[in-house]
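Engineer: what would the 3D arrangement of this be:
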Amino acid sequence: MREPGLVASDVDGTLLDPMEEVSARTAATAGRVAASGTPFVLVTGRPPRWMPRVVAALGVSGIAVCANGAVTYDTAADRVLHSHDIDPVTLHDVVRELRRELTGCAFAVERATRSAHDDLREQFLAEADFHRSWTNTDIRVAPTDEVTGKPAMKLLLMNPGMNSAELSAAATEIIGDRLQSTYSTESGLIEFSAPGVDKAAGLAVVAAELGIARSEVIAFGDMPNDVPMLAWAGHGVAMRNAHPDALAAADEVTTTNAEDGVAQVLERWW
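Structural biologist: Residues are numbered from 1 along each chain as shown. Predicted structure coming up:
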């Protein structure tokens, strides 16, 4: 591949090391990419509120694609530019049906706000059982009607009795194509977006706005939520520590995130 026109990277398990830190080598390489004028776009399942620390450690700001493609976020201006939400009626119906068909379910939602620093209590709402299963200080525990009562960029389903692949398959059979499911962990947690929303779709919008062709994009990832992006990019690179689905979708496999796998590839050009 010739020098890429845009670099896109997943965050967890890819750009970050196993301690969820940006290594000095990765930060230095990303800095050289940005200094050359080539956009370095973070494409992640994380919501905007979890991005400032990563951006500060990386030392490169710009447009990020968050929530598995549902949100574009200007990390420099701390401003959500666009959010593709799930409507409350769909949220209510899907939660009701999944709970009826699958025992042990608990739900949460991510809502888009104008800034990553807006009131956290309005960004992440979860049922009490979800809170007990996944301790997170960002969560506001709320009744189901409140969780599903407003548009959300992401619906999360946790079921500790199943792994994520099993849960995703079962949920898709129940709700069909009304929402799009994916996952980035094997621990019985899956994430739903509006139909047609994934990392590839979100990245494609950013690339088009920048006037960069798909063939010029290099993308890095490690989990099933990265598969659409790895397949869409002109050159998809999976980490050696990646899920089998990501490995199968990639054009190349680099070393692990513990070995600066992203930097090792980008150092060919920068």
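Engineer: got the confidence number for residue 186?
Structural biologist: You'll see residue 186 listed with a pLDDT of 87.
Engineer: start at 56, not 1
Structural biologist: Sure, I'll start numbering at 56, so the last one becomes residue 241.
Engineer: how much space between it and residue 196?
Structural biologist: Separation of residue 241 from residue 196 (C-beta to C-beta, to the nearest Å) stands at 25 Å. Bear in mind the C-beta positions are built from the backbone N, C-alpha and C, glycine included.
Engineer: surely residue 116 touches residue 131?
Structural biologist: Yes. Using C-beta atoms under 8 Å, residue 116 is in contact with residue 131, at 4.0 Å.
Engineer: more neighbours, those two?
Structural biologist: Higher neighbour count among residue 116 and residue 131: residue 116, with 18 against 12, using other C-beta atoms under 10 Å.
Engineer: got the phi/psi numbers for the nearest residue to residue 309 once chain neighbours are set aside?
Structural biologist: For residue 309, ignoring the flanking residues on the chain, the nearest one in space by C-beta to C-beta, 6 or more residues apart in numbering is residue 316 at 3.8 Å. Backbone torsions for residue 316, taken as degrees, to the nearest 10, come to phi -60, psi -40.
Engineer: got the contact list for residue 316?
Structural biologist: Residue 316 is in contact with 69, 275, 292, 294-295, 309-310, counting by C-beta atoms under 8 Å, 6 or more residues apart in numbering.
Engineer: lowest confidence element among the helices and strands of this protein?
Structural biologist: helix 183-188 (a mean of 76; mean pLDDT, DSSP states H and E).
Engineer: residue contacts, the residue nearest to the spatial centre of the chain?
Structural biologist: Computing the C-alpha centroid of the chain and ranking residues by C-alpha atoms, centre = their mean puts residue 100 first, at 1.5 Å. The contact partners of residue 100, by C-beta under 8 Å, 6+ apart, come to 67, 121-123, 237, 239, 246, 280.
Engineer: show the backbone phi and psi for it.
Structural biologist: According to degrees, to the nearest 10, residue 100 has phi -80, psi -10.
Engineer: for residue 298, see how far away it is.
Structural biologist: Note on residue 100: its distance to residue 298, by C-beta to C-beta, is 13 Å.
Engineer: ok so, going back, name the helices or strands packed onto whatever helix or strand comes next after the least confident helix or strand of the chain?
Structural biologist: Proceeding N to C from helix 183-188, the next assigned helix or strand is strand 195-196, under DSSP states H and E. If you count contacts as 3 or more C-beta pairs under 8 Å, 6 or more residues apart in numbering; DSSP states H and E, strand 195-196 packs onto strand 179-181.
Engineer: what segments of the protein are strands?
Structural biologist: Applying DSSP state E to the chain gives strands spanning 61-64, 95-97, 118-121, 126-129, 134-138, 161-165, 179-181, 195-196, 209-213, 235-237, 244-248, 272-276, 290-293, 307-308.
Engineer: for the fourth one, buried residues please.
Structural biologist: If you call a residue buried by 16 or more other C-beta atoms under 10 Å, then strand 126-129 has these buried ones: 126-128.
Engineer: pick the one among these closest to residue 163.
Structural biologist: Relative to residue 163, the closest of the buried residues of strand 126-129 is residue 126; by C-beta to C-beta it sits at 16.2 Å.
Engineer: contact partners for residue 201?
Structural biologist: Contacts of residue 201 (C-beta under 8 Å, 6+ apart): residue 180.
Engineer: great, nothing more from me.
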